[in-house]
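K.L.:
following is a predicted model, sequence given first.
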Amino acid sequence: MSMQPGVLLGPQPRSPETTDGGFPRVPAYGSGPSGWQGSLSEDGIGWIGAHGGAGATTLATLFGGTDIGCRWPDAAIGEPAKVMLVGRTNMEGLRAVSRALLAMKEGRHPSGMRLKGVVLIADAPGSLPAPLTSRIRLIRSIAPVHRVPWIPSYRLGEAPKKLPRQLIRLGDVVDTRHTSARGGR
């Protein structure tokens with residue numbers, strides 16, 4: 001799988017374009033081609049998937065904002081500075097969230113990007129095993145965490161009849177004005 005500059009995640013063979021962890025090196029804004037110059041938009045919210053299938057597209061559809069995908073926001077196309085990092089609650093999903101947070105800590109993100117929080121979407125119904133709960137506690141020590149429960153209707157591509165309170169609270173956190181999130185807000 002070939003990755004472009006600015007892509008956030010995904011294992012890659014080590015090369016001059018990647019770090020020891022396999023992450024693409026992200027050039028500083030203004031230091032690369034014209035596409036890297038500029039600043040991120042102060043409008044809206046961006047949803048970054050820490051991994052494929054994280055749920056960023058579903059959240060962008062539900063609450064509005066920009067589905068950024070599994071990469072950093074791009075100033076050249078006016079993507080938002082404020083972002084939510086999204087991951088699943090299985091071990092691979094939590095590891096992907098941890099890698100993305102490490103990349104942010106190391107400054108491998110666009111200038112001006114601001115993380116509003118991490119959204120962890122249940123990967124299955126029921127409680128989590130202790131190792132996953134421990135990993136979530138660690139993530140919570142680094143960034144605000146918003147948990148979203150398992151919602152069976154989403155597996156069938158249908159909206160739930162009533163949104164869980166966790167999703168309603170998440171809509172308040174991202175300050176959306178999307179009517180479907182509150183049932184007529």
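P.N.:
Yep, it's here.
K.L.:
what is the neighbour count of Asp175?
P.N.:
Under the neighbour criterion other Cβ atoms under 10 Å, Asp175 is assigned a count of 11. Placement of C-beta: from N, CA and C, glycine included.
K.L.:
which SS class is it?
P.N.:
coil (DSSP: H, G, I helix; E, B strand; the rest coil).
K.L.:
check the gap between the closest residue to it other than its chain neighbours and Leu128 for me.
P.N.:
Nearest residue to Asp175, sequence neighbours excluded (Cβ to Cβ, 6 or more residues apart in numbering): Ile45, at 7.9 Å. Using Cβ to Cβ, to the nearest Å, Ile45 is found at 26 Å from Leu128.
K.L.:
neighbour count: the two, which is higher?
P.N.:
Ile45 (21 against 18).
K.L.:
go ahead and confirm that one touches Met84.
P.N.:
Yes - counting by Cβ atoms under 8 Å, Met84 is a contact partner of Ile45 at 6.3 Å.
K.L.:
between the two, what contacts are shared?
P.N.:
116, 174 (Cβ atoms under 8 Å, 6 or more residues apart in numbering).
K.L.:
return the residues in contact with Gly53.
P.N.:
Arg88.
K.L.:
what's Ala148 in contact with, if anything?
P.N.:
One correction, residue 148 is Val, not Ala. 55, 119-122, 164, 166-167, 170.
K.L.:
filter the residues you listed down to just the buried residues.
P.N.:
55, 119-122, 166-167, 170 (16 or more other Cβ atoms under 10 Å).
K.L.:
export the helix or strand of the chain with the lowest mean pLDDT to CSV, keeping only CA atoms.
P.N.:
Lowest on mean pLDDT, DSSP states H and E among the helices and strands of the chain sits helix 152-155, with a mean of 90. The C-alpha atoms that make up helix 152-155 are tabulated as CSV, following Å, rounded to 0.1, in the frame of the first residue of the first chain:
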residue,chain,number,x,y,z
PRO,A,152,-27.0,-2.8,16.1
SER,A,153,-29.0,-0.8,13.5
TYR,A,154,-25.8,0.7,12.1
ARG,A,155,-24.7,-2.8,11.0
